[in-house]
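Participant: build me a model:
(chains A, B, C and D)
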Protein chains: 4
Amino acid sequence: FIKCYDSEIDDSLPTLGIPDSSFMTVKKQITPEEVRVVVLAKLRLRQDMVLWDIGAGSGSVSIEADALLPFGRIFAVERNSDSLRFLRQNLNNFHSRNVRLVEGEAPACLEDLPDPDRVFIGGSGGNLWELLEVIDERLSASGRVVLTASTLDTLVAATDFFENNGYVIEVVTLNIARTSSETDYKMFEALNPVYVVVALKESASATLA
Amino acid sequence: FIKCYDSEIDDSLPTLGIPDSSFMTVKKQITPEEVRVVVLAKLRLRQDMVLWDIGAGSGSVSIEADALLPFGRIFAVERNSDSLRFLRQNLNNFHSRNVRLVEGEAPACLEDLPDPDRVFIGGSGGNLWELLEVIDERLSASGRVVLTASTLDTLVAATDFFENNGYVIEVVTLNIARTSSETDYKMFEALNPVYVVVALKESASATLA
Amino acid sequence: FIKCYDSEIDDSLPTLGIPDSSFMTVKKQITPEEVRVVVLAKLRLRQDMVLWDIGAGSGSVSIEADALLPFGRIFAVERNSDSLRFLRQNLNNFHSRNVRLVEGEAPACLEDLPDPDRVFIGGSGGNLWELLEVIDERLSASGRVVLTASTLDTLVAATDFFENNGYVIEVVTLNIARTSSETDYKMFEALNPVYVVVALKESASATLA
Amino acid sequence: FIKCYDSEIDDSLPTLGIPDSSFMTVKKQITPEEVRVVVLAKLRLRQDMVLWDIGAGSGSVSIEADALLPFGRIFAVERNSDSLRFLRQNLNNFHSRNVRLVEGEAPACLEDLPDPDRVFIGGSGGNLWELLEVIDERLSASGRVVLTASTLDTLVAATDFFENNGYVIEVVTLNIARTSSETDYKMFEALNPVYVVVALKESASATLA
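Facilitator: Take a look at the predicted model:
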């Protein structure tokens, strides 16, 4: 029974690179595939870590992280009811084993979760500073926070917080455009630019490598 | 003994996202981390596939693919003797279990390899068309070729070939810039743009998803 | 009377940098301000030159070029009847003195025009190669052609033509995103990438500078 | 005599688009051509305005602005002695008629200059906030400030100031790459990304158009 279940996954899914179209989602509300894998790489996940995915949306980051955290735990936090409906369906469709859904408003709903080794913030609903303060208290030593910003306000607020709290910061700007032989004349279509903010809790030997 | 070897890897390496600085390499001759993970995602690797990595350079793509192909086989093809020295050292340092080094000039040296499910071309040494013809003959049904182009000539040649041979094509342009709190005033530094050409062998139901 | 007319222009218009919103246009069918001024710079206009603007659309390039060609002649060529209506209105609104409207299909309708020193191609309607052959015959010595491509097909076709005909080529890729305090949270919004192809008719001393 | 001098300029220089290579400059210390013309467009220069060019460097913005301000006055402010030497030579080579060189440290050296309608800040030497306070006091009604930032720190500081002082802000991100038939295989080479910050002094009817 379990064997059958496993082979189902193996046949249908790559070990990395789930196409955006495989996720049920509120229109266009998804971290695009290319951004998602850069986020996962910057998280530097190890097999048994605890990951908080805050503002999980359709759950694409949590779901794709599942294969990279075989002995870990992932908490997909979301408050929006439309998103939650799709999130639940996607977790089901992908048989995500280590992802637990957390309904509610961050940071309040984070209280009962185990302390994170890694945190991804895809959306913060306007209370970013407060959220980051809670994360900063809970984050394990040598922990990492990765945040995607698509607005100047979020970029500025996040880098301000991390600087003031002694994190080592890296910002990666991603400007991505796609064309395919399925579109007219192979038109290049740009995704909006995304700023991937990577913050590493300071310690004597901290570097971003 | 083997257990000890495994735990060494688990402790020192993330399951995705090896920093560029971890590879020994001819100066700046590496597929940067962000590009590398997009390439790996676009390859849509499954656990037991055969991957050819042509123009493997420092081996970063093969080495990072190793964790994504636990039951697969990876052939890292390289002809340049300087690169080969670093490639060998990197394969050793990372304990890459499923990567086999192939010294020599592609396409000639590909003859004895098993047919590929996936091919990555990071460099072609000027004989791209001939190389693609050999790959086209050998590639398994529903196979995929991913190629990174940093020049207009390679972009044009590759898309010409794939169009003429009935592949479905997607091109993803990556414009990446980085800044970190370790650089003066957090200067944004651009990587040169990379065109990731994704080609899927045509079949009745072929789509790029 | 003429004085009054001139002072109207001086008061209302900058000498460079007409906002996109000042042009009447088919929805979104305009060379964006930032791309337009790069095109004008790459044309290296001199005061008394003849400029062909092929696929003139709303006329924004011709209209903005008018101030840079005080003793020159500009031919705005367009075939689409919707575009022509807006083009006519824009030429009128901006009092463009040296721009003549040419209705019809290029290259046929180019026959009676004076030979160009500079050609801008913003759209070619599918017969690009034939169009470029006519331009190549007519272009003055040390002439320049600037073309904007938003598709891979146009980029490849144009660079192929210019290479085969001995032009010196430069391609400038523009990835532009904008945010403003008038949008929510200052969201960065990407324009689709544009390839500006600059081609200089070969001569002994030709360089792109 | 004057006629001869004028015709010299007309023959040798385009009315827009001076190549970077025409300027004598400290190595790579120049606002690249494509960025320069976007800056000039965003300044919305009118014929008789007063422009301050602060951190003028090689003078490329002032010199290219000269043709767009036939009845205006341009003040090129620079403190670095190496830059000043090249700036002086360039102003001389280009016969810039309306550009006056101001040696010294901004904002101190701005005191005796006429109030500006437009200000471009290409470099601020670390005292940006103080500089912007002085500019804010002196800027004419409906004045405009354009600033290029290549670091996250400058971007954040500038947008903070303009927000706190009631300006309407637009930020344009420019990611530019170039290739030419004169380089090997037409390699695409990226310029570092530039943030063009455009700030308009608030008034009842202020919009960025």
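Participant: where along chain A do the strands fall?
Facilitator: Secondary structure of chain A (DSSP state E): strands located at A:50-54, A:73-78, A:99-103, A:118-121, A:144-149, A:168-180, A:189-190, A:194-200.
Participant: wait, which of those is closest to chain D?
Facilitator: strand A:168-180 (5.3 Å; Cβ to the nearest Cβ). For the C-beta atoms, the positions are set from N, CA and C on the backbone; glycine is no exception.
Participant: the closest one near chain D anywhere?
Facilitator: Yes: contact between strand A:168-180 and chain D, assessed by Cβ under 8 Å from any Cβ of the partner chain, occurs at A:171, A:173, A:175.
Participant: within reach of chain C, which of the residues you listed are there?
Facilitator: Okay, of the residues of strand A:168-180 next to chain D touching chain C (Cβ under 8 Å from any Cβ), that's A:Asn175.
Participant: could the strands of chain A be laid out in JSON lines, adding mean neighbour count?
Facilitator: Compiled in JSON lines, these are given as follows (neighbours: other Cβ atoms under 10 Å in any protein chain shown):
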{"stretch": "strand A:50-54", "mean neighbour count": "25"}
{"stretch": "strand A:73-78", "mean neighbour count": "25"}
{"stretch": "strand A:99-103", "mean neighbour count": "18"}
{"stretch": "strand A:118-121", "mean neighbour count": "25"}
{"stretch": "strand A:144-149", "mean neighbour count": "26"}
{"stretch": "strand A:168-180", "mean neighbour count": "22"}
{"stretch": "strand A:189-190", "mean neighbour count": "17"}
{"stretch": "strand A:194-200", "mean neighbour count": "23"}
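Participant: just send these back as CSV, with mean pLDDT and distance to D:Leu69 too.
Facilitator: Below are the strands of chain A laid out as CSV (pLDDT from 0 to 100; distance: least, Cβ to Cβ, whole Å):
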stretch, mean pLDDT, distance to D:Leu69
strand A:50-54, 98, 51
strand A:73-78, 97, 55
strand A:99-103, 97, 60
strand A:118-121, 98, 47
strand A:144-149, 97, 38
strand A:168-180, 94, 33
strand A:189-190, 94, 34
strand A:194-200, 96, 36
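Participant: now these as TSV including distance to chain B?
Facilitator: As requested, the strands of chain A are exported to TSV (distance: least, Cβ to the nearest Cβ, whole Å):
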stretch	distance to chain B
strand A:50-54	12
strand A:73-78	13
strand A:99-103	16
strand A:118-121	10
strand A:144-149	10
strand A:168-180	4
strand A:189-190	9
strand A:194-200	9
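Participant: tell me which of those sits nearest to D:Leu43.
Facilitator: Closest of the strands of chain A to D:Leu43 is strand A:168-180, at 25.1 Å (criterion: Cβ to Cβ).
Participant: the closest one: partners in the sheet, and parallel or antiparallel?
Facilitator: strand A:189-190 (antiparallel), strand A:194-200 (antiparallel), strand B:168-180 (antiparallel) (DSSP bridges).
Participant: tell me which of those strands lies nearest to A:Leu147.
Facilitator: Among the strands paired with strand A:168-180, the nearest to A:Leu147 by Cβ to Cβ is strand A:194-200 (4.5 Å).
Participant: for chain A, give me the ranges with low pLDDT.
Facilitator: Scanning chain A for pLDDT under 70 picks out A:1-12, A:185, A:203-209.
Participant: one more time with 50, if that's ok
Facilitator: The model of chain A has pLDDT under 50 over residues A:1-11.
Participant: and it, which of its residues are near chain D?
Facilitator: So far as Cβ under 8 Å from any Cβ goes, chain A lies against chain D at A:152, A:156, A:159-160, A:171, A:173, A:175, A:193.
Participant: from the residues you listed, which two are the most distant?
Facilitator: The distance between the two most remote of these (Cβ to Cβ) is 23.3 Å, for A:Asp160 and A:Asn175.
Participant: list the contacts of A:Ala157.
Facilitator: The contact partners of A:Ala157, by Cβ atoms under 8 Å, 6 or more residues apart in numbering or on different chains, come to A:128-129.
Participant: try A:Ala177
Facilitator: With contact set as Cβ under 8 Å, 6+ apart, A:Ala177 has these partners: A:188-191, B:172-173, C:175, C:190, C:192-193.
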